[in-house]
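Engineer: Got a sequence here, can you build the structure:
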Amino acid sequence: MDDGLVRAYLDDYREIEVIIDKKFCEGKSNAFYLMDTKQSLPLELISSKEHITYYSYKLKYSGDIDVGTEYQIMVANAFKCVLQYRFIVKTERF
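Structural biologist: Next comes the predicted model:
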C-alpha cells in the first residue's frame, strides 16, 4: 500500500532515511526493519527529527545494501513501503 504516508530512501549503502507523515501513527515508530524476499533485519536508529507535518528518521544498516535487490522498510503496525534510491546514486561507489 503506497499512499505517501511513509516513505523510505536509500542515501548510501548503509544509510536510510524514513519519513512518516503525522497522519500515520502521529509520525512515530519505535522499530524499523529492512526486508527482502528472504528476511527481515532490524535497522539501528541514528537520529529522529520532528518537522511540521512529519518525522524523519536516520537509520543505519549493519551490512551493505545490494543495489538491484528490491527492499521494503517495515515501520509501526507492520506497515511496509518500498525502499527508493535517493542520494546513493551520487556516491562514487554507485
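
Engineer: alpha carbons only for contacts and neighbour counts from here, please
Structural biologist: Will do.

Engineer: Helix or strand: which one has A8?
Structural biologist: A8 is part of strand 6-12 when elements are defined by DSSP states H and E.

Engineer: List the contacts of that strand.
Structural biologist: Around strand 6-12, the neighbours that count as contacts under CA atoms under 8 Å, 6 or more residues apart in numbering are 16-21, 24, 73, 81-89, 91.

Engineer: and the gap between E26 and S47?
Structural biologist: In this view, E26 and S47 are 17 Å apart by CA to CA, to the nearest Å.

Engineer: now A31
Structural biologist: Distance, A31 to S47, by CA to CA: 13 Å.

Engineer: Who has more neighbours out of the two?
Structural biologist: Summary of the neighbour comparison: A31 and S47, criterion other CA atoms under 10 Å, with A31 having more neighbours (14 against 11).

Engineer: doesn't I73 make contact with the more buried one?
Structural biologist: No. Under the criterion of CA atoms under 8 Å, A31 lies out of contact with I73, with a separation of 10.3 Å.

Engineer: Which parts of the following helix or strand past the strand holding A8 count as buried, going by neighbours?
Structural biologist: Using DSSP H and E, the helix or strand that follows strand 6-12 in sequence is strand 15-21. For strand 15-21, a neighbour-count test (16 or more other CA atoms under 10 Å) marks E15, I16, E17, V18, I19, I20, D21 as buried.

Engineer: What are the neighbouring residues in contact with Y61?
Structural biologist: R14, E15, I16, P42, L43, E44 are the contacts of Y61 under CA under 8 Å, 6+ apart.

Engineer: please redo it, this time with the cut-off set to 10 Å
Structural biologist: Contact partners of Y61, counting by CA atoms under 10 Å, 6 or more residues apart in numbering, are D12, Y13, R14, E15, I16, Y33, L34, L41, P42, L43, E44, L45.

Engineer: Can you lay out those as JSON lines showing distance to Y61 and pLDDT?
Structural biologist: Below are these laid out as JSON lines (distance: CA to CA, whole Å; pLDDT from 0 to 100):
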{"residue": "D12", "distance to Y61": "10", "pLDDT": "87"}
{"residue": "Y13", "distance to Y61": "8", "pLDDT": "85"}
{"residue": "R14", "distance to Y61": "5", "pLDDT": "88"}
{"residue": "E15", "distance to Y61": "6", "pLDDT": "92"}
{"residue": "I16", "distance to Y61": "8", "pLDDT": "95"}
{"residue": "Y33", "distance to Y61": "9", "pLDDT": "96"}
{"residue": "L34", "distance to Y61": "8", "pLDDT": "95"}
{"residue": "L41", "distance to Y61": "9", "pLDDT": "91"}
{"residue": "P42", "distance to Y61": "8", "pLDDT": "93"}
{"residue": "L43", "distance to Y61": "5", "pLDDT": "95"}
{"residue": "E44", "distance to Y61": "6", "pLDDT": "95"}
{"residue": "L45", "distance to Y61": "9", "pLDDT": "96"}
